[in-house]
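**Q** Turn this into a structure:
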Amino acid sequence: DEAGRIVDKRYVPTCGKPVETVQGLLQHIQVQAGPDLKIQGVATTGSGRTVVGDFLEADLIIDEITAHARGAVAVDPTVDTIFEIGGQDSKYIAIRDTHPLDFDMNKVCAAGTGSFLHELANKLGIDIVGEFQEIALASETPVKLAERCTVFMESDLMSFHQKGAARRDLIAGLCYAVVHNYLNRVVGKRRIGERVMFLGGPSLNKGVVAAFENVLGRGLLVPRHREVLGAFGAAMCVQEKMLAEGSRGSSTFRGIERAVADRMRFLEKTCQADPTCQNQCKLKIYRFDGRKSVWGGECGRYDLNHGSGGRKESYFRLRGKIWEDHMAGVYATLPDAPLLEVDGRPTVGMMRALYGIHGCLLWAHFFDQLGLRLVLSPPTNESISRSGIETMTAETCYPVKVSHGHARLLMGRTRHLFLPIPLDM
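**A** This next block holds a predicted model:
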């Protein structure tokens, strides 16, 4: 409201359907507020902010870093560090003088996120709300689980379970694994301040809060409404935006009735915008009140149509051009046949995957000075991907699987094979 207080809130999982979930939330608002409700402004944030913002024609689409920082500072202006664990990712935010100074996210691996905790709790037959924390807090000897990867963490949990470990020790061990995963993978060597606020759904779990406090050796700030403080921050930002615009700023929101009544009809087609692209993206083409909206592309090509204004420059294309400019004349791409020499220079094969994509800039010029020629594997395609997946004997993330396909393609086809392993960046 005008005083910055939360009038109503609902915290629900999206279940992979953010738009349908928002329609349900709007219906709830309709019932709670009645027919006289007038929406002054709408903001979206979080993982599904773009698609939901486009569907609602929101006044503001804001990233979750800014939203959480704004909400946390509104609650406690002295906060200097934010730990946020969401349903799909985790975030660290450093605050200075009420503004976000630094941040990092665990965007790829699901280990330690709310959805991961929920999944494992279901496998153990435990209600994530209430029962989970009661069981964890009853433990005196938590088991030590691997905290680096979802697969290994779950494997360890099941292994201890089969060996007869008490359920309370398993759940407490899971809480500690979540904490160590977050501190090692998200925070890393970054500074942890004196006023640390813990936000997100898992912050409602007293077992996870206790594990954080035990590991850090200090208490955490766990404010009221902590599970929706990102939404609270987004609401404050859009409120400030609408007030700043004054009479000029009327909301672009399409209206509750039309949003709820939208049956989300769409056409499906395979993207054929680029004949050389092998992704074969399955597109969904919606009509929101007659306005065309395309979703499902992997490259971001159609994301440019969702914002206001004209078509913007593609930074992916710009990055590719900069990369080519700096690599010109000092590397070659592996052809179909073996390539043992280039202009009398022995060749050195290197994967165009993982750290090789960025590191090859250094190594190409390094080997050039030594009288060698760096040869990169071709860009990832379906054949390389399938080869890497078939080669793997252990379960890893997809980028690691693909890298095996690149290495396999290079084997025996260049004079030397170079597979550097960075120990520190």
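**Q** Do a quick rundown of the helices in this protein.
**A** Taking DSSP state H as the criterion, the chain contains helices spanning 18-33, 49-56, 64-75, 114-123, 131-137, 150-162, 167-182, 206-216, 229-245, 256-261, 315-327, 356-369, 382-391, 398-410.
**Q** Tabulate these (CSV), appending distance to residue 342, mean neighbour count and mean pLDDT.
**A** In this view, the C-beta of every residue, glycine as well, is placed from N, C-alpha and C. CSV is the format used below for these (distance: least, Cβ to Cβ, whole Å; neighbours: other Cβ atoms under 10 Å; pLDDT from 0 to 100):
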stretch, distance to residue 342, mean neighbour count, mean pLDDT
helix 18-33, 50, 15, 88
helix 49-56, 44, 21, 88
helix 64-75, 45, 23, 93
helix 114-123, 47, 18, 78
helix 131-137, 60, 19, 90
helix 150-162, 40, 16, 77
helix 167-182, 44, 23, 88
helix 206-216, 53, 19, 93
helix 229-245, 52, 20, 91
helix 256-261, 59, 15, 88
helix 315-327, 14, 11, 90
helix 356-369, 11, 16, 92
helix 382-391, 22, 15, 91
helix 398-410, 15, 19, 92
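**Q** among those, which is nearest residue 91?
**A** helix 64-75 (6.5 Å; Cβ to Cβ).
**Q** Just name whatever secondary elements the closest one is in contact with.
**A** If you count contacts as 3 or more Cβ pairs under 8 Å, 6 or more residues apart in numbering; DSSP states H and E, helix 64-75 packs onto strand 81-85, strand 90-96, strand 99-106, strand 196-199, helix 229-245.
**Q** Specify the angle between that helix and strand 90-96 in degrees.
**A** For helix 64-75 against strand 90-96, the angle by axes from the mean of the first three to the mean of the last three Cα atoms, to 10 degrees is 50 degrees.
**Q** Pull the residues that contact helix 64-75.
**A** With Cβ atoms under 8 Å, 6 or more residues apart in numbering as the test, helix 64-75 has contacts from 4, 43, 45-47, 49, 79, 82, 84, 86, 91, 93, 95, 98-100, 103, 105, 197, 199, 223, 229-234, 236-237.
**Q** Just the CA atoms of it, as CSV, please.
**A** Provided in CSV are the C-alpha atoms of helix 64-75 (Å, rounded to 0.1, in the frame of the first residue of the first chain):
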residue,chain,number,x,y,z
GLU,A,64,15.7,-10.6,-9.0
ILE,A,65,19.0,-9.2,-7.8
THR,A,66,17.7,-5.6,-7.8
ALA,A,67,14.3,-6.8,-6.5
HIS,A,68,15.7,-8.7,-3.5
ALA,A,69,18.2,-5.9,-2.7
ARG,A,70,15.4,-3.3,-2.8
GLY,A,71,13.1,-5.4,-0.6
ALA,A,72,15.8,-6.3,1.9
VAL,A,73,17.0,-2.7,2.4
ALA,A,74,13.4,-1.6,2.9
VAL,A,75,13.1,-4.1,5.8
